[in-house]
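Novice: Test case, fold it:
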Amino acid sequence: MSDHYDLLVIGAGPAGEKGAAQAAYFGKRVAIIERAPKPGGAAINSGTVPSKTLRETALYFSGLRQRGLYGIDVSVKHDLTIGDFMYRERAVVESQWALIEENITRHGITTIQGQARFVDAHTVEVTRFKEPARRITAEIILLATGSHPLRPASIPFDDRVVVDSDGLLGLPAIPRRLVVVGGGVIGCEYAAMFAALGVKVTIVNARAQLLQQFDVDLSGALRDALTRRLGITVLAERELREITVADGVAAVTLTDDATVYADAVLYSIGRVGSTVDLGLETAGVAVNARGFVEVDAQFRTRVPHIIAAGDVVGYPALASTAMEQARVAVCHAFGFKYKEQVSSVLPYGVWTIPELAMVGATEEQLRAQQIDYEIGRSSYRLNPRGQIVGDTEGIVKLLFRRDDQRLLGAAVLGENACELIHLPSAVIALGGTLDYFIQSVFNYPTLSDAFKYAAYDGLQRLARRIRASGGLPQKS
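Specialist: Next up, the predicted model:
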């Protein structure tokens, strides 16, 4: 059988796997090239799944969930090792490897391990240690090589004391003190996990707000929870000057001359596209200054038969969107009348302790667009399920248009926030209004019922505003 395929995929992460399966589903001959020994990309091997599994492990070892529920004090074992911490993570990752390989096999997709490099726009050469180079051609080529942490030359990475998010899980022991440089999603998630295990954690963030892209109110409530419940120190509006390491201890000096000492430093500011050594210039594919592949609305590069999806194209860099981008890209490339675009309604989840999730617009965005909106709020404290699970600090927030009550955005802070957010996500996608929550019947007792009371609160606020103003403003 020749080394020519209808679709050649470079990278076996979420985008690569799902894009390959989409083409194979429609009968195309497909091959995936992956340089790592196992599939899954960063989502399975170093990022999404490992970090979320480690969060559950941290909650288990720390007893944080039991404290609120049973009123007991559970402390982390003094002899806990990094191996204890990662046991469950390894088991989950191995199960995901098996599931991905099963999916690839079921779709009749050929897998090729090795480093890919373009020879020309239709030909890729694959090299592997102690094996002759192999050339493969394809009608369509999907770039799905993902991204990796930014490692500035000024940061003394040694993968023992100063690490990035890929190296953090390789530490030989859980540090007593951890400094996290960067208050984004990855930084906040790992800060919460390690703090739950009793590590003294300090977050250094150049901006005033953690998780800059999120609702400012709930981001602030999360910061309060991180500091008050987990003991994390947040140094906001403080910038890094330098990191030095001596005798296994890092000194993190800030621009105001303050110095924080730690046994480990996680540098978590930005990611870059994994496009080096692919020979993209040979194929005529353009990348930006951070190595992300430039694509159009159909995920085509400057070379129409070369498409790209997932983290390698940059924002929003979510495993969930990566899968859909790849499916859409493949459908456009082959002319399948199946998936024509990625949904514009994208839920975001942060697995901190507590969880934070949002969908749709924020207040800041609505004000910038000069949209008249109202807010509806509800608290887990008023929800029986919140009382049962021991989370009385959770918050549900809805944003809706004043004139027709159409839902514009939602945010949730608390237990199961990353699951709950899909309910308002569906309402927004379908153009629904607060009436959905008002008229729906939710199981009792459930956290989902908090959306109904947030909707009631929103309508009450709107009624008070109407009474105070003498009526809704007339449309021009």
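Novice: now the strands: where do they sit in the stretch 51-200 of the chain?
Specialist: Listed in chain order, the strands of the stretch 51-200 of the chain (DSSP state E, counting those that start in this stretch) span 110-113, 115-120, 123-128, 131-143, 147-149, 162-163, 177-181, 200-205.
Novice: Pick the most buried one from these.
Specialist: Stretch with highest mean neighbour count among the strands of the stretch 51-200 of the chain: strand 177-181 (a mean of 25; mean count of other CB atoms under 10 Å). In short, each C-beta sits where N, CA and C put it, glycine included.
Novice: Show me the shaky parts of the stretch 51-200 of the chain.
Specialist: 65-83, 85 (pLDDT under 70).
Novice: one more time with 80
Specialist: Residue ranges of the stretch 51-200 of the chain with pLDDT under 80: 60-88.
Novice: Domain map for this structure?
Specialist: Following the assignment in automatic domain parsing, the chain carries domains at 4-149+272-334, 162-269, 354-466.
Novice: now those in TSV, with distance to residue 341?
Specialist: Output for the domains of the chain, formatted as TSV (distance: least, CB to CB, whole Å):
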stretch	distance to residue 341
domain 4-149+272-334	6
domain 162-269	22
domain 354-466	12
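Novice: and the closest residue to residue 306 other than its chain neighbours, bridged to which residues?
Specialist: Leaving aside its chain neighbours, residue 306 sits nearest to residue 141 (4.9 Å; criterion: CB to CB, 6 or more residues apart in numbering). Residue 141 has these beta-bridge partners by DSSP bridges: residue 8, residue 306.
Novice: Any idea which of the domains of the chain gets closest to residue 343?
Specialist: domain 354-466 (6.3 Å; CB to CB).
Novice: and the closest one, how far apart are its ends?
Specialist: Using CA to CA, to the nearest Å, one end of domain 354-466 lies 35 Å from the other.
Novice: And for stretch 113-122?
Specialist: 19 Å.
Novice: In the protein, which residue is most central in space?
Specialist: Central residue of the chain (CA atoms, centre = their mean): residue 318, 4.8 Å from the mean position.
Novice: that older thread, relative to residue 102, which of the strands of the stretch 51-200 of the chain is closest?
Specialist: Between residue 102 and those, the tightest spacing by CB to CB is seen for strand 110-113, at 12.1 Å.
Novice: Going by contacts, tell me the helices and strands next to that closest one.
Specialist: Applying 3 or more CB pairs under 8 Å, 6 or more residues apart in numbering; DSSP states H and E, we find strand 110-113 packed against strand 30-34.
Novice: The strand it packs on vs strand 123-128, what angle?
Specialist: 50 degrees (axes from the mean of the first three to the mean of the last three CA atoms, to 10 degrees).
Novice: And stretch 45-57, what's buried?
Specialist: Neighbour-count burial for stretch 45-57 flags 45, 46, 47, 48, 49, 50, 51, 52, 53, 54, 55, 57 (criterion: 16 or more other CB atoms under 10 Å).
Novice: What's the mean pLDDT across stretch 359-371?
Specialist: Stretch 359-371 carries an average pLDDT of 97.
Novice: so how far is that stretch from its chain's centroid?
Specialist: 22 Å (CA atoms, centre = their mean, to the nearest Å).
Novice: Might you report the residue contacts of residue 212?
Specialist: Applying CB atoms under 8 Å, 6 or more residues apart in numbering, one finds that residue 212 lies in contact with 183, 184, 219.
Novice: In terms of pLDDT, where does it sit?
Specialist: At residue 212, the model reports a pLDDT of 93.
Novice: so which of the contacts of residue 212 is the most crowded?
Specialist: Greatest neighbour count in the contacts of residue 212, by other CB atoms under 10 Å, goes to residue 183: 27 neighbours.
Novice: Not counting sequence-adjacent ones, nearest residue to that residue?
Specialist: residue 205 (3.3 Å).
Novice: per-residue pLDDT, the one you found?
Specialist: pLDDT for residue 205: 97.
Novice: wait, doesn't it sit right on residue 239?
Specialist: No: the criterion here is CB atoms under 8 Å, and residue 205 misses it with residue 239 at 9.1 Å.
Novice: Report how many residues lie close to residue 444.
Specialist: By other CB under 10 Å, neighbour count at residue 444 equals 10.
Novice: contacting residues around it?
Specialist: Shown in contact with residue 444 (CB under 8 Å, 6+ apart): residue 384.
Novice: and if you look at the one 5 residues further on?
Specialist: Counting by CB under 8 Å, 6+ apart, residue 449 makes contact with 383, 385, 442, 443.
Novice: Which of those ranks first by neighbour count?
Specialist: Result: residue 383 is most packed of those (other CB under 10 Å), 25 neighbours.
Novice: these two touch, right, residue 125 and residue 114?
Specialist: No: using CB under 8 Å as the test, residue 125 is too far from residue 114 to be in contact (9.1 Å).
Novice: Name the residues contacting each of those two.
Specialist: Contacts common to residue 125 and residue 114, judged by CB under 8 Å, 6+ apart, are residue 134.
Novice: just to revisit the earlier point, so which of the buried residues of stretch 45-57 is the closest to residue 366?
Specialist: Looking across the buried residues of stretch 45-57 and measuring by CB to CB, the closest to residue 366 is residue 48, at 29.6 Å.
Novice: Kindly provide the distance from the residue nearest to the closest one when sequence neighbours are not counted to residue 428.
Specialist: Of all residues not flanking residue 48 in the chain, residue 319 sits nearest, at 5.0 Å (CB to CB, 6+ apart). Using CB to CB, to the nearest Å, one obtains 21 Å as the distance from residue 319 to residue 428.
Novice: How about residue 245?
Specialist: 47 Å.
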